[in-house]
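J.: what shape does this take:
(4 chains, ligands or ions: 2)
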Amino acid sequence: MTRYTSATADDRREMLDAIGVSSVDELFEQIPPELRLGRPLELPEGMSESEVYERLAALAERNADAEKEVSFLGAGMYDHYVPAIVDAITSRSEFLTPYTPYQPEISQGGLQVMFEFQTAMSELTGLPVSSAGLYEGPSSLASAGYLAIGATKRRRFVVSRGVHPHSRETLRTYSVGYGAEVVEVGLEGGLTDAAALADAVDGETAAVFLQSPNFLGAVEDVEALGAAAKEHGALLIVACDPMTLGVLKPPGECGADIALGEGQPLGNRLDFGGPSFGFFCATEAQIRRMPGRIAGETEDVDGRRGFVLALQTREQHIRREKATNNICTAQALNALGAMVHLAWLGRQGFRELGELLVRRTAYARERLAAVDGVELLHEAPVAREFAVRLEAPVSKVLDRLAERGIAAGYPLGREFPEFEDGLLVAITERRTKAQIDELAEALSAAVAAEREGVTV
Amino acid sequence: MTRYTSATADDRREMLDAIGVSSVDELFEQIPPELRLGRPLELPEGMSESEVYERLAALAERNADAEKEVSFLGAGMYDHYVPAIVDAITSRSEFLTPYTPYQPEISQGGLQVMFEFQTAMSELTGLPVSSAGLYEGPSSLASAGYLAIGATKRRRFVVSRGVHPHSRETLRTYSVGYGAEVVEVGLEGGLTDAAALADAVDGETAAVFLQSPNFLGAVEDVEALGAAAKEHGALLIVACDPMTLGVLKPPGECGADIALGEGQPLGNRLDFGGPSFGFFCATEAQIRRMPGRIAGETEDVDGRRGFVLALQTREQHIRREKATNNICTAQALNALGAMVHLAWLGRQGFRELGELLVRRTAYARERLAAVDGVELLHEAPVAREFAVRLEAPVSKVLDRLAERGIAAGYPLGREFPEFEDGLLVAITERRTKAQIDELAEALSAAVAAEREGVTV
Amino acid sequence: MALTETPMQAERARTIFEKSKAGRRAAALPATEVPETPISELIPEKLLRREAPRLPEIAEPEIVRHYNRLSRRNFDLDSGFYPLGSCTMKHNPRLNERVAALPGHARLHPAQDPKRAQGALELMWLLQRSLSEICGLPHVSLQPSAGSHGELAGLLLTRAYHADRGEERTKVLAPDTSHGTNPASVTMAGYEVVKVATDEVGGVEMDDLRAKLAENEGEVACLMLTNPNTLGVFDENIGEIARLIHEAGGTLYYDGANLNAVMGHSRPGDMGFDIVHVNLHKSFSQPHGGGGPGAGPIAVSDRIEPFLPRPQVVRSEGSNGHGPSFDLDFDRPKSIGRLRGFQGNFGVFVRSYAYILSLGADGLAEASETAVLNANYLKARLAEGRAGERLPIAFDRHCMHEFVLSGKPMKRELGLATLDLAKRLLDFGFHPPTVYFPLLVDEALMVEPTETETKESLDAFADAVEQILAEGETDPELAKNAPYTTPVRRLDEVKATRQPVVRQQLEE
Amino acid sequence: MALTETPMQAERARTIFEKSKAGRRAAALPATEVPETPISELIPEKLLRREAPRLPEIAEPEIVRHYNRLSRRNFDLDSGFYPLGSCTMKHNPRLNERVAALPGHARLHPAQDPKRAQGALELMWLLQRSLSEICGLPHVSLQPSAGSHGELAGLLLTRAYHADRGEERTKVLAPDTSHGTNPASVTMAGYEVVKVATDEVGGVEMDDLRAKLAENEGEVACLMLTNPNTLGVFDENIGEIARLIHEAGGTLYYDGANLNAVMGHSRPGDMGFDIVHVNLHKSFSQPHGGGGPGAGPIAVSDRIEPFLPRPQVVRSEGSNGHGPSFDLDFDRPKSIGRLRGFQGNFGVFVRSYAYILSLGADGLAEASETAVLNANYLKARLAEGRAGERLPIAFDRHCMHEFVLSGKPMKRELGLATLDLAKRLLDFGFHPPTVYFPLLVDEALMVEPTETETKESLDAFADAVEQILAEGETDPELAKNAPYTTPVRRLDEVKATRQPVVRQQLEE
Ligand SMILES: Cc1ncc(COP(=O)(O)O)c(C=O)c1O
Ligand SMILES: Cc1ncc(COP(=O)(O)O)c(C=O)c1O
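T.: Numbers count the residues shown, from 1 in each chain, chains lettered A, B, ... in the order given. Ligands and ions are numbered 1, 2, ... in the order given. The predicted structure follows:
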């Protein structure tokens, strides 16, 4: 008997009698003998709670996390401060342990949270309809592609190179499945090449994918770029960073049909990449093509206000092969974290935080640009992240800064061979002026040392 | 407006109008001008949540806690593993934030927990009546003295030197107040000197105080020692370590009138000494003299089972100067932690844990005794802690072990000048055989180095 | 005084937006510290937002109250019995939450240099090995975010596998008992679903399978199966099924949602499956969170391995004195590519690995044993008395970890639909079983007690069903109008879909 | 279907012991690792326990369910308005819980060498300095475990102070409005209480004070005062009172339970108090935990300092380049000694220091301002309509952070006792005010809203009182039999004291 099960020897006897078998093994006889394992799994024996804790704490010790070092890593996930009330609320059993709210009468807590979350994301993106949350950023973008095919009956995607490389790659992976061609449009001065984009879009284009701020941190003129899509009846799909939407014009006001993105910056910890959530907002026109759960308001038999899963006829458990998406279990708890974080920030705080990020990012960009051996990779306006070029091998410089307890940023080389010398630097409200100054100082020392070939 | 208050400018205006004053200052005019501070407090400005977190995390970093080093420190508080469900339950708002249950109809959760806790502590100590929890160990012992005076109308205490020095000192502090004489009886071979005790007790003695295992870890023969108290009609008051009561004979079976102690080992973290709780159990005869809250079972008007604060006529809010004790706010949440821990351990686990401690302690004692330059301070039987003598300056040896990330134990010198060379070593289920071996090895090296006068 | 409603019913729903008051706030932010340059000097005006989004304005105390009170309007696993078929609502150990919250896990950036994330990569590698052993398949990718994501991955792997052999197949077989995500994934992966019938003992109808294979010769890319299937029945013909599919050149996909029945007893790989997804939020105790997060790692055979998603966690033996080291391998030319960002739901991996460490080999096997024992016991209890009459078991045989009843007689004889029984169960403090699934059983009730329930809970549930059926004989209206004691009563779901209101409307 | 009881009422109380079943368990323990020597070979048989204590036997899932369900039978501050007079039920920030849980705090052993606990000692020192500034007294000891413990400390300090001057005094003065812990502490400290009357504006009756001082000349050791007092009234004569007590050679003790009214506005030290206790679980946001933990640090004047408890946290300036360092000072010859083990409730210190850092100088002052504003507003609202008639304010003047109403007219005119009103408030979802305290007001209702409540909550409470009084005019039985919607209804407290049942009885 493990500590999580309760069947005592007596219980087993009574239960087996009631079933009418003499042993549990008899119940497993429906498995053909040759398919029974017949040996213990080759796994360690069970451990006590304290031993499991020690084991995992020892593993955790071997990671350089943002509590141990000063991190300027971003590239889609950011070291924002998650307020204590987020943990206090998301850790309540009542939110942590239920399944998807299939029985609305006893799931009003979770359903109302979804409704509130949809309202908040709709406010942020400026689009009227929001899903209750998808897996995470890149797969949400790929799901938008699936929606676009359904909406336009076309199978050609035009994607800016400014879209997160993980999103572009995921879109490609999915496209092989549902059958779509992906055309990429390059960057000019850190921004999507408008002319190339206009050329690439045609009457066969199902959707145009942009990201703003884009992967290099540059704020795109979505409205202007989107014109090409409008003209040819393609959907305009915009990935965005929710933390910038207190300051930047919302996609909905820029003509986007769909706004989506990675939700981690809102109330979710880094967790080495997940779980977080993807948000997905769209125009009324797309409401019956949306992926994922959507909560809707209704009434009970006595006229009480209540909430249910609405438009379930889109979903796999009803529509099966005709579903608008296959998603089932998604990220309800992570969306709750986001909602609590947004309520905590509030209307004023959310804007102030956005402005704080813009100002500290501008400061950091200036400080680094002033460093000898460091120059800006582009001059486009930025909101919370920016790219520089180093006149020394990026990975070597990063190792030197790591020695000093600084994760200086994200090396662009692997995903942007054209920026082999590129480094992406992200700012959050946790990165103080002092830390930014320290980064500049350390970077200058490291680049200099590399150029002089000093060995670590 | 701080983030914890809600009065907006509009609110203030409306509220001031309703009150009929023009400003909040007017409300403060009842304070004579010369007594108004008239300047801001000399404290830093308020900080954001993330800044407060960083500040306190930086302070915490500067402590060598049991997560950072291997700790054999005990002396009344022990590094036991607190199961995760304890935190999960004690952190629920419903337990964390209410006041003392003055309105029983809406406090059944807390009141039933008290009732369960009383049952558990009664089972552990073998005494029928338990309080719902006092501040902590030593002050509970001092409160027992106050009870003894009320019960016997005598004012002389006989205390074994084996009782925790903090308890003895606290008893002295209190005795100066309520007026009692404290007579101390020494130790022989680590145990209370039975003959001296018998001599010290007389017809004027209100109570005899013993501790088992005593401060040096030795298991006392409470029954035998207690005879003297019985003979002269003094109360037998026994301090004990709850974690040993799965193995050791409960005080109730040894003739104790009162069993009490520090509750920290049960479900409470170290917290640099508090908050924890004191437990206090007694015979039926003392029920109306007990200190602190006691929950009792009763019924509601419809005959439903329910719980209330019983015997409140003992308490200060009813009896005022005639109260059996002045205690009010105590440690309800800490007692809940203990109850959950005890339920988690369960009847079998609690005994097994006690046996584990006895066996690992015996092993550690043997290993250390075998170290050159280390010898046992006494040969008496021990349960979870033991004392050794070092043939090198204790504080220097401790510094050397600290260098290796080991807190080797508690130096006896300050409180026991006669054991200037004494070290008290505690064992919990978190101290593995490997760590014990490492301690022996490190101790041997350190003592040797000190004797050879090697400098660190 | 007569009660007209429960206290919770009396409290009408108000969203946090309706509790907002201009000027209030909970957050205090750090000082800017750097020059307060006007934003419009840093970013062109036309790219800026005019009005701040209308997020709620409310101080911290009321935010906490709002969500605490809301939480109590949920039924949860920590409140009572939750026999929701196919969802494996087993206990969620809090230890797992504790270890997942360690800063070394929770504040580790996913783009951290692998050299400085060795603990995380080793944990992922260890989890991969564990799942590989449990599934009986040599290779594992942890990337998929949930079961359905794993299914899509499996189908894309199938496509890549066939393409690599120069074939393009168009059909995927799935039994009529399959879960909705299966066909949905098939379509998303660009395939067409071909249904296979179920035989009289609840397994795949072999003749129909042969027929479908013949009809679609050379076209069948894959057969997706759940075993034990959604009827809780272990398909004894699985060996033969595998032979047929492989003969036909297809891959065999195992929907691992029901793995909790066979851990340590039987392995999909040994049954002949090529691809398996595992729902860590089912068999491996990741809390469901009211609808996620989860994770859907996949285990595959050698022939599928080359196509696994990128990146893969790899281990290299330590050289000269150094221990082994771990890395992310991106250099996988045949890979289907990414299914999502970064490395997957790591926080879920930590919890599930902690669970595997806690139970160990014996514990996992014992968990499945007890799950099967509990299911068969509850089935036996429900075969007694009224339940036995009105709610017969759909396929009368020993079940594995779950079983399906049919409410058809109850409906015919008492006029009570399965939905009515489910709603009435709410008044008895139980979460109802899964209803109306699988589709081939009318008025289906799918019951999965899981191993972490006590005999007492199973008995209480059986007694409640008996009592509801007894009520139904005398007063069927009681169940038809249930529930009575829940925070809200039966809700109008049609309205919510006909005129969808999907967000709070706000003034100004 | 008519509701006969609420779901919670329908669930009868069962203790965890009653849910026990032999053989079940939640804990798995580490292996012994060392020789399994029979215990009786290590400890003599006669010292060993025969039967293991009958603790519950139950697996983890049911333990979690038991306590989660129990928790919902509590009303708590995070559920609603809690105007419990004298208890300062202000919001408990979760940030404080987070920082208290950091391993550097939570797993720090109290006997750790001060050299290796510098962060903890510095935190204690910083908290001491903060409280010193807030109280206007130069020296602080954090040792006392709660308010009443602080009172005892203060009285023992008083005794030591007099003894040091070769005097032994026997009497302590306290107003009839004082909290029960005051006289109880007086007796415990070996003194005799002498009551001082209250004047028509709620302050100390000066003539009576003079008389009592004269009657007990040379005998008065101390006057214990709460200011603002338990009527919520600030005693304007405090200057004169201090002069008289000091003239008489006594010490002046400040019960700091009401400090929340004056933080940053007025300081006990400046009022002439020698000794102050602070309830960190009131003004400084430590959660009450259903009756603790708390902490009751004391701040004292120079003449009391030599007698402070041992050990004291001290700071020494850093020499040659090193920063300052912190230590525990045991060498205090005149100290009254210890009041408890180790250094006090450190975990509480962390929370309260985090609170002080969060609010800062302005925030603390603003908190007191808003507390006073909220109290006066609610007082004004309750002076309207029926409440104004039936529940007059005991002392009609501006209050500080709380105020006291008298239910005397309500009782006379409607036959409703204050208790009935309190119980009826439970049905409206409010925690009632403190009742029947202070004693000198009949049918007293002591209302303290605190600064963290919204105007909406205050209005809702006032409306509820109005409605209950209106009901009372037409149907007084309604309130007399209230509550109706709570998990249990009115409980028989007499029975619980007459035939006390204070533990679960168990078989075998
Ligand atoms: C049989 C079966 N297959 C697939 C799924 C889909 O898994 P997920 O919800 O993790 O996407 C589920 C659970 O919902 C299921 O029960
Ligand atoms: C006025 C007053 N004095 C003293 C106390 C006692 O404080 P504590 O409960 O912390 O011992 C209280 C609170 O109960 C109080 O309200």
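
J.: helix or strand: which one has the residue in the stretch 301-450 of chain C that ligand 2 sits nearest to?
T.: Closest residue of the stretch 301-450 of chain C to ligand 2, Cβ to the nearest ligand atom: C:G429 (37.4 Å). For every residue, glycine as well, the C-beta is placed using N, CA and C. Under the assignment given by DSSP states H and E, C:G429 is not contained in any helix or strand.

J.: for the closest residue to it other than its chain neighbours, what are phi and psi?
T.: Closest residue to C:G429 apart from its sequence neighbours, by Cβ to Cβ, 6 or more residues apart in numbering or on different chains: C:G80 at 5.5 Å. As for C:G80, its main-chain torsions (degrees, to the nearest 10) stand at phi 180, psi -170.

J.: taking the stretch 301-450 of chain C, what residue is nearest to chain D?
T.: C:G429 (7.0 Å; Cβ to the nearest Cβ).

J.: tell me who's in contact with that residue.
T.: The contact partners of C:G429, by Cβ atoms under 8 Å, 6 or more residues apart in numbering or on different chains, come to C:G80, D:P7, D:E11.

J.: could you do A:L96 as well?
T.: Counting by Cβ under 8 Å, 6+ apart, A:L96 makes contact with A:T90, A:L333, C:D76, C:N92, C:E97, C:P287, C:G289, C:G290.

J.: doesn't A:D202 belong to a strand?
T.: No - read with DSSP: H, G, I helix; E, B strand; the rest coil, A:D202 is coil and lies in no strand.

J.: surely C:G264 is in contact with C:L359?
T.: No - the pair C:G264 / C:L359 is not scored as a contact, 9.5 Å apart, by Cβ atoms under 8 Å.

J.: still on that earlier bit, burial count for the residue nearest to C:G429?
T.: C:G80 has 19 neighbouring residues, counting by other Cβ atoms under 10 Å in any protein chain shown.

J.: how near is it to ligand 1?
T.: When distance is defined by Cβ to the nearest ligand atom, to the nearest Å, C:G80 is 21 Å away from ligand 1.

J.: quick check: that residue vs C:H431, distance?
T.: 7 Å (Cβ to Cβ, to the nearest Å).

J.: ok, C:P53 next?
T.: Distance from C:P53 to C:H431, by Cβ to Cβ: 36 Å.

J.: can you check A:V86 too?
T.: 26 Å.

J.: filter the contacts of A:L96 to the buried ones?
T.: Neighbour counting with 16 or more other Cβ atoms under 10 Å in any protein chain shown marks A:T90, A:L333, C:D76, C:N92, C:E97, C:P287, C:G289, C:G290 as buried within the contacts of A:L96.

J.: and which of the residues you listed is nearest to B:A229?
T.: Ranked by distance to B:A229 (Cβ to Cβ), the buried ones among the contacts of A:L96 are led by C:E97 at 49.1 Å.

J.: tell me the pLDDT at the residue of the stretch 301-450 of chain C closest to chain D?
T.: What the model reports for C:G429 is a pLDDT of 97.

J.: backbone dihedrals for it, both of them.
T.: Backbone torsions of C:G429, given as degrees, to the nearest 10, read phi 80, psi 20.

J.: is A:L127 in contact with A:C281, as I believe?
T.: Yes - here A:L127 reaches A:C281: they are 4.0 Å apart, a contact under Cβ under 8 Å.

J.: so these two - more neighbours on which side?
T.: More crowded of A:L127 and A:C281, by other Cβ under 10 Å: A:C281, with 30 against 25.

J.: on that earlier part again, so which of C:P53 and C:H431 has more stuff around it?
T.: Between C:P53 and C:H431, C:H431 has the larger neighbour count (other Cβ under 10 Å), namely 26 against 21.

J.: wait, what's in contact with A:L248?
T.: The contact partners of A:L248, by Cβ under 8 Å, 6+ apart, come to A:S212, A:P213, A:V219, A:C240, A:G354, A:A383, C:I43, C:L47, C:L48, C:R49.

J.: brain fart, A:V382
T.: Neighbour list for A:V382: A:P213, A:G217, A:A218, A:V219, A:T361, A:A362, A:R365 [criterion: Cβ under 8 Å, 6+ apart].

J.: how many neighbours does the closest residue to the fifth one other than its chain neighbours have?
T.: Beyond its immediate neighbours in the sequence, the residue positioned closest to A:T361 (Cβ to Cβ, 6+ apart) is A:I427, lying 4.5 Å away. A:I427 has 28 neighbours, counted by other Cβ under 10 Å.

J.: my guess is A:I427 meets A:R360, correct?
T.: Yes - in this structure A:I427 lies within contact range of A:R360 using Cβ under 8 Å: 5.0 Å.

J.: list residues touching both of those two?
T.: Counting by Cβ under 8 Å, 6+ apart, the shared contacts of A:I427 and A:R360 are A:I436.

J.: next one, pLDDT for the residue of the stretch 201-350 of chain C found nearest chain D please.
T.: Relative to chain D, the nearest point of the stretch 201-350 of chain C is C:S285 (10.9 Å; Cβ to the nearest Cβ). C:S285 carries a pLDDT value of 98.

J.: specify the local secondary structure of C:E57.
T.: Secondary structure assignment for C:E57 (three-state DSSP): coil.

J.: correct me, but it touches C:K21?
T.: Yes - with contact defined as Cβ under 8 Å, C:E57 reaches C:K21; the gap is 5.9 Å.

J.: which one of those two has more residues nearby?
T.: C:E57 (21 against 17).

J.: quick check: phi and psi on A:G292?
T.: The phi/psi pair for A:G292 (degrees, to the nearest 10) is phi 90, psi 180.

J.: pLDDT score for the residue nearest to it when sequence neighbours are not counted?
T.: Leaving out its chain neighbours, the residue that sits closest to A:G292 by Cβ to Cβ, 6+ apart is A:S131, at 4.0 Å. Confidence at A:S131, expressed as pLDDT, is 98.

J.: neighbours of A:S131, just the number please.
T.: Close neighbours of A:S131, defined as other Cβ under 10 Å, add up to 30.

J.: so what's it up against?
T.: Listed by Cβ under 8 Å, 6+ apart, the contact partners of A:S131 are A:Q118, A:F279, A:F280, A:C281, A:M290, A:P291, A:G292, A:R293, A:I294.

J.: the contacts of A:L96: which ones sit near ligand 2?
T.: By Cβ under 6 Å from any ligand atom, no member of the contacts of A:L96 lies near ligand 2.

J.: please list which of the residues you listed are also close to chain D.
T.: With the criterion set as Cβ under 8 Å from any Cβ of the partner chain, no member of the contacts of A:L96 is near chain D.

J.: and of these, the nearest to B:A195?
T.: Nearest to B:A195 among the contacts of A:L96, counting by Cβ to Cβ, is C:E97 at 56.1 Å.

J.: from the middle of its chain, how far away would the helix or strand hosting the closest one be?
T.: Using DSSP H and E, C:E97 sits in helix C:94-100. Put simply, helix C:94-100 sits 20 Å off its chain's centre (Cα atoms, centre = their mean, to the nearest Å).

J.: which helices and strands sit right next to it?
T.: With contacts defined as 3 or more Cβ pairs under 8 Å, 6 or more residues apart in numbering or on different chains; DSSP states H and E, the packing partners of helix C:94-100 are helix A:49-61, helix B:84-90, helix C:346-383.

J.: and those helices as TSV, adding distance to D:V502 and mean pLDDT?
T.: Formatted as TSV, the helices and strands packed on helix C:94-100 follow (distance: least, Cβ to Cβ, whole Å; pLDDT from 0 to 100):
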stretch	distance to D:V502	mean pLDDT
helix A:49-61	32	98
helix B:84-90	23	98
helix C:346-383	37	98
